[in-house]
Structure formats: structure tokens, C-alpha cells
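**Student:** Everything below, folded, please.
(one chain, ligands or ions: 1)
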Amino acid sequence: MKPILPDIRCPECPFKDSPKEYCGIFAAYDLPNAAKSTYYGLYALQHRGQESAGIVSTDGSQFFSHHGIGLVSDIFGDAGTLDSLEGRVAVGHNRYSTTGGKNIHNIQPLTSNFKDGYLAIGHNGNLVNTIQLRAELVDSGAVFNTTTDTEVILHLIARSRYGNPVDKIADALGQVKGACCLVILINDEVFAARDPRGYRPLSIGRLGDGWVVASETCAFDIVGVEFVRDVEPGEIIRINSQGLESYRPFPAARLQQCVFELIYFSRPDSRVFGHSVDRTRRLFGRSLAREHPVEDADIVISVPDSSNSASLGFAEESQMPFELGLIRNHYVGRTFIHPSQSIRDISARIKYNPVREVLEGKKVVIVDDSIVRGTTSRRLIRMIRQAGASQVHFRVSSPPIRFPCFYGIDMPTRSELIAGSHSVEEIKTYLGVDSLAYLSEDGLYDRTDLDRDDYCMACFNGNYAVKFEENFRKLMYEEVQTSLLEDKPLE
Ligand code: SF4
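**Tutor:** Down below sits the predicted model:
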């Protein structure tokens with residue numbers, strides 16, 4: 001057997017072994033207090049990014065902005081901050097970095113004054129030709145204030161030779177490749193756009209005479225917004241005093257919606273790509289139970305919260321009781337001091353604790369949505385066994401993640417993905433379970449009405465629809481800065 005991976009933990013959070021989320025965006029037009037609605041929207045989208053957040057608003061003559069590092073509630077928590085963001089128009093952003101580090105300059109929305117006025121931009125996704133575009137812009141004299149790919153888009157819009165703002169945005173998006181959902185404020189108008197392959201979700205809602213755009217529909221519910229429709233792949237929308245206009249400047253491309261939005265990233269109370277996330281996850285769980293039943297188990301438990309829906313589906317299909325065998329502590333802050341080697345197991349116990357009375361003497365099926373490095377899963381299994389389970393059968397409601405994502409999800413490198421270099425049998429041995437099985441790629445589509453041709457599954461099968469720059473690294477521009485400061489060439 002190949003050597004098992006070192007016990008690596010995410011540097012961001014010692015408790016989590018999952019792929020990292022990658023930003024949420026929100027825009028409000030013609031709402032009585034647009035910044036406050038944006039705040040609540042970002043609050044609902046907090047799961048998509050916890051590093052930093054920002055809101056830019058306008059009353060039509062002045063612009064107001066506030067950005068900060070941390071959670072939305074910490075950054076905008078006091079009423080005075082939100083009250084200072086005046087006006088009926090606002091755009092906001094939650095960040096988890098996928099290009100560029102988490103320094104304060106990279107907080108979005110990015111803002112700039114350009115020849116047509118004021119511009120603020122928030123981006124969800126990740127470009128795969130940033131190195132080339134940024135080099136071309138720098139060569140032509142562009143000055144960068146951040147290390148993000150979003151600033152590349154900002155420059156391309158600002159430098160476009162077209163006169164109309166929609167044409168400028170289309171001109172910019174025609175040059176970028178990869179995943180790109182945007183909310184943009186140009187003077188007192190709001191624009192939203194989704195790349196032609198539709199990697200990330202983006203929806204439109206209405207509140208009275210006003211309009212709202214958000215990454216997920218759960219952000220509508222919190223402010224009483226009525227869902228209207230999704231921003232279509234390749235569509236640019238413009239919202240101003242004339243209402244909402246739609247533009248489709250790009251030729252149709254084969255859709256590559258991120259199936260992981262439905263497996264793990266989006267909230268179960270959202271509708272994403274036209275599907276209820278909760279209902280879809282339940283069907284994944286049902287398919288998993290049919291593909292890989294555990295005949296004589298006593299109970300099904302989930303790894304709360306993201307695998308709750310799939311676990312319920314598995315239990316329903318198996319006609320087994322669903323029990324709460326693991327309890328999650330929701331108050332684990334990201335600032336918790338990382339435990340030392342000697343108290344490493346505490347890290348898993350801080351976030352999850354087993355319920356002995358549920359598990360003792362039971363043959364347990366535990367359902368999770370994915371396994372990334374496997375380290376957290378291994379600790380959870382140990383915990384469940386220590387709580388007295390007589391058997392532990394692990395079921396995963398997605399195929400093995402073998403390849404990294406270049407379209408806006410911060411995943412480990414291939415060598416750090418346990419399924420990237422180990423067989424299912426080897427992973428089973430590493431986790432210490434009685435059996436292990438993953439849902440197949442077919443299983444994602446068998447019971448659901450998802451059209452397989454419309455979804456990206458590159459992290460499972462390596463079929464990347466949009467070619468990426470091989471030498472891209474998330475922190476490459478920080479590395480350039482460091483090497484310049486140290487006066488040494490970047491290797
Ligand atoms: S590679 Fe995986 S996580 Fe990335 S967009 Fe495709 S399906 Fe989503």
C-alpha cells in the first residue's frame with residue numbers, strides 16, 4: 001500500500017477538511033435601505049466566504065463603502081456602520097480567496113474611478129487566464145492594487161474602447177476564461193453577469209419596485225424578496241430607472257454548471273440552477289443507498305450539516321432510522337487558536353461530538369457529501385467507534401474527488417486529495433471503517449432531473465472544459481512581491 005498522506009489540515013481552519021467556498025455576491029437596486037438589505041443578503045451567503053466582506057452603496061450623487069476582514073456580523077455589526085452606507089442602490093461581496101491572498105487590499109467589491117465615473121465590482125468564480133491577461137495589462141501600463149483576478153476584469157472594463165457600459169462589460173468578459181459571476185455598480189446603475197458556461201449560480205429577485213441579484217436564493221428569503229429567475233449563462237443584465245434589460249452578447253457554449261454546488265456548497269434552502277438543493281441531495285442519498293446498500297445496519301447518521309439531506313435520502317431509501325449521532329458546535333470561531341500536535345484530536349471534538357446513547361452497540365451507516373484529504377473523516381470514525389458503535393459503514397454522496405478545481409473552489413492539490421492517489425480500498429483502510437463506498441457519476445443523474453451534459457464534473461474525472469494555466473498558483477502574485485522585496489528571482 002502507498003504511504004498514507006501526512007496529517008495535513010487546512011491552514012485556515014483546523015476543523016474542516018472540506019473544499020472551501022469561494023465568494024457570495026449580492027446587489028440591491030431601488031430598495032429603501034439598500035445597504036441594510038445587502039447586509040442581510042451577505043449574512044445569508046456567509047457560508048460562501050468568511051475571510052472578508054464589503055458593501056458599496058450610492059444615493060445617486062455620492063458613494064459610500066465599508067470593507068473589513070472577518071464575518072459579516074463583525075464587519076457591519078453596529079448600526080452606525082450600516083446607517084453610514086446611504087442610498088437605494090448597493091452591491092456587496094463575501095470573500096473566500098481563490099486567486100490572491102486574504103490581505104485587506106483584496107477585499108471586494110473593488111472600487112475605482114475611471115473615465116466614465118465610479119465603478120464597484122464583486123466577483124464569484126475564478127479566471128483561468130489571469131497570468132496572461134495581467135501580464136498584458138501590466139505591459140501596457142496598468143497599475144494593480146490587488147493580487148486578485150477580479151482587478152483584471154475591472155481593468156478590462158475601464159480600458160474598453162466601447163462607449164456603452166454593457167458593451168464594455170461584454171468586451172471584458174469576452175477576454176476572460178473560467179468561472180465568472182459578477183455584480184457591478186457603475187455610477188447609479190447595477191449590472192450583473194454570468195459566464196457562458198454558467199459555472200456559478202446567480203439569481204434575480206423582486207421586492208416592491210426594486211430588484212435584487214444574489215448568488216443563492218436563500219439570500220432572497222431573508223429580506224422577503226420574490227425569486228424571479230436565474231441570470232442565464234452568458235447573460236448580462238442592466239438595472240436602472242428604466243427597469244431591467246437583458247443582453248446576450250456571447251455565442252452559446254456547452255454548460256458547465258458546478259455539480260458541487262448541489263452536492264455540498266450551496267445551502268439546502270436555496271434553489272440553484274433551477275433545482276431545490278435539499279431535494280437534489282436527498283435524491284443523491286437515495287441513489288447512494290440503491291448503489292451501495294448496507295443490509296443489516298441499525299441506523300443512518302450524517303456529518304452535520306452539509307450531509308443532512310443526503311443522509312435523510314439514504315435512510316428513506318434504506319427504510320432505516322435516521323439518528324443524530326454527531327452534534328455540531330455552531331459557535332466555533334475561525335479565530336480559534338490552532339491546537340498543537342499533542343492535543344490534535346481536540347480539533348475534531350471541538351466541532352463535532354458523538355451522542356453515545358445513539359451510537360452504543362449499533363451498526364452505523366455514516367453519510368458524508370465528500371472526502372477531501374480524509375483527515376477529518378478519520379477522526380470522526382475514531383470518535384464514533386469510541387462512543388461504542390459496533391460497525392461503521394461510510395457512504396459518500398459524491399464520486400471520489402481526484403482532481404483539483406480551477407473554477408473557483410479552493411481545493412488542495414492533487415497529491416493532497418486522498419482519492420487522487422489512493423484506491424477506495426486503501427482509503428477504507430486509512431479511515432478504519434468496515435466498508436466504504438462512493439456514489440457513481442451515473443448515480444448523480446439517475447434519480448434526479450439534472451441533465452448530465454449541463455454539469456462540470458472535472459474534480460471527479462479530470463475533464464476540464466476550459467483549459468487552465470498550468471503554472472497558476474493562488475498566491476503567485478504575493479510570491480512575486482515577496483521575491484522583489486527580497487531582491488531574488490521567483491523560481
Ligand atoms: S471542478 Fe468540481 S468543484 Fe470545480 S466547478 Fe467543476 S464540479 Fe465544481
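
**Student:** Please count neighbours and contacts with C-alpha atoms only from this point.
**Tutor:** OK.

**Student:** which bits of the stretch 51-200 of the chain sit near the ligand?
**Tutor:** Neighbours of the ligand within the stretch 51-200 of the chain, by CA under 6 Å from any ligand atom: residue 199.

**Student:** Repeat that for the stretch 301-450 of the chain.
**Tutor:** 405, 407, 409.

**Student:** Only the buried subset of the residues you listed, as a PyMOL command please.
**Tutor:** Typed into PyMOL, the line below selects the buried ones among these, using 16 or more other CA atoms under 10 Å:
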select buried, resi 405+407+409
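
**Student:** for the protein, what's the longest helix?
**Tutor:** Identified as the longest helix of the chain according to DSSP state H is helix 277-291.

**Student:** Now do residue 427, the pLDDT please.
**Tutor:** At residue 427, the pLDDT value in this model is 98.

**Student:** for residue 290, what are its contacts?
**Tutor:** Counting by CA atoms under 8 Å, 6 or more residues apart in numbering, residue 290 touches 317, 318.

**Student:** residue ranges of the strands in the stretch 101-250 of the chain, please?
**Tutor:** 110-114, 117-127, 178-186, 189-194, 203-207, 210-214, 226-230, 236-240, 243-247 (DSSP state E, counting those that start in this stretch).

**Student:** want to throw the ones you listed into TSV with mean neighbour count?
**Tutor:** Output for these, formatted as TSV (neighbours: other CA atoms under 10 Å):
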stretch	mean neighbour count
strand 110-114	17
strand 117-127	25
strand 178-186	26
strand 189-194	26
strand 203-207	21
strand 210-214	28
strand 226-230	17
strand 236-240	20
strand 243-247	13
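
**Student:** ok so, going back, of the residues of the stretch 301-450 of the chain next to the ligand, just say which sits nearest to residue 70.
**Tutor:** Nearest to residue 70 out of these is residue 409 (CA to CA; 19.2 Å).

**Student:** Quick check, pLDDT for that closest one.
**Tutor:** 78.

**Student:** Please tell me I have it right and it contacts residue 22.
**Tutor:** Yes. Between residue 409 and residue 22 there is a contact under CA atoms under 8 Å: 5.6 Å.

**Student:** Look up how far residue 465 lies from residue 415.
**Tutor:** Going from residue 415 to residue 465 by CA to CA, to the nearest Å gives 22 Å.

**Student:** rewinding a little: could you single out the nearest of the residues of the stretch 301-450 of the chain next to the ligand to the ligand?
**Tutor:** residue 405 (4.0 Å; CA to the nearest ligand atom).

**Student:** what sits against that closest one?
**Tutor:** For residue 405, the contact set (CA under 8 Å, 6+ apart) comprises 411, 458, 459.

**Student:** Please repeat the previous calculation with a cut-off of 6 Å.
**Tutor:** Neighbour list for residue 405: residue 459 [criterion: CA atoms under 6 Å, 6 or more residues apart in numbering].

**Student:** Restricted to helices, list the residues of the stretch 301-450 of the chain next to the ligand.
**Tutor:** Filtering these for helices - DSSP H - leaves nothing at all.

**Student:** Dump the residues of the stretch 301-450 of the chain next to the ligand to a markdown table, plus distance to residue 138.
**Tutor:** Compiled in a markdown table, these are given as follows (distance: CA to CA, whole Å):
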| residue | distance to residue 138 |
| --- | --- |
| 405 | 27 |
| 407 | 24 |
| 409 | 26 |
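
**Student:** Of the residues of the stretch 301-450 of the chain next to the ligand, just say which sits nearest to residue 323.
**Tutor:** Residue 323 has its nearest neighbour among these in residue 409, at 30.9 Å by CA to CA.

**Student:** For residue 249, see how far away the closest one is.
**Tutor:** Distance, residue 409 to residue 249, using CA to CA: 27 Å.

**Student:** same check, this time on residue 36
**Tutor:** 33 Å.

**Student:** of those two, who's got more company?
**Tutor:** Looking at residue 36 and residue 249 with other CA atoms under 10 Å, you find the greater number of neighbours at residue 36, namely 23 against 17.

**Student:** ok, and the closest non-adjacent residue to the more buried one?
**Tutor:** Computed as CA to CA, 6 or more residues apart in numbering, the closest residue to residue 36 that is not its neighbour in sequence is residue 82, at 6.3 Å.

**Student:** State the mean pLDDT of the helix or strand hosting the one you found.
**Tutor:** Per DSSP states H and E: residue 82 is located in helix 79-83. In this model, helix 79-83 carries a mean pLDDT of 90.

**Student:** Tabulate the CA atom coordinates of it in CSV.
**Tutor:** The C-alpha coordinates for helix 79-83 follow below in CSV (Å, rounded to 0.1, in the frame of the first residue of the first chain):
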residue,chain,number,x,y,z
ALA,A,79,-26.0,50.1,13.4
GLY,A,80,-23.8,53.2,12.8
THR,A,81,-21.8,51.5,10.1
LEU,A,82,-24.8,50.4,8.1
ASP,A,83,-26.5,53.8,8.6
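
**Student:** Now mean pLDDT too, for the strands of the stretch 101-250 of the chain, in a markdown table please.
**Tutor:** As requested, those are exported to a markdown table (pLDDT from 0 to 100):
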| stretch | mean pLDDT |
| --- | --- |
| strand 110-114 | 96 |
| strand 117-127 | 95 |
| strand 178-186 | 96 |
| strand 189-194 | 98 |
| strand 203-207 | 98 |
| strand 210-214 | 98 |
| strand 226-230 | 98 |
| strand 236-240 | 98 |
| strand 243-247 | 98 |
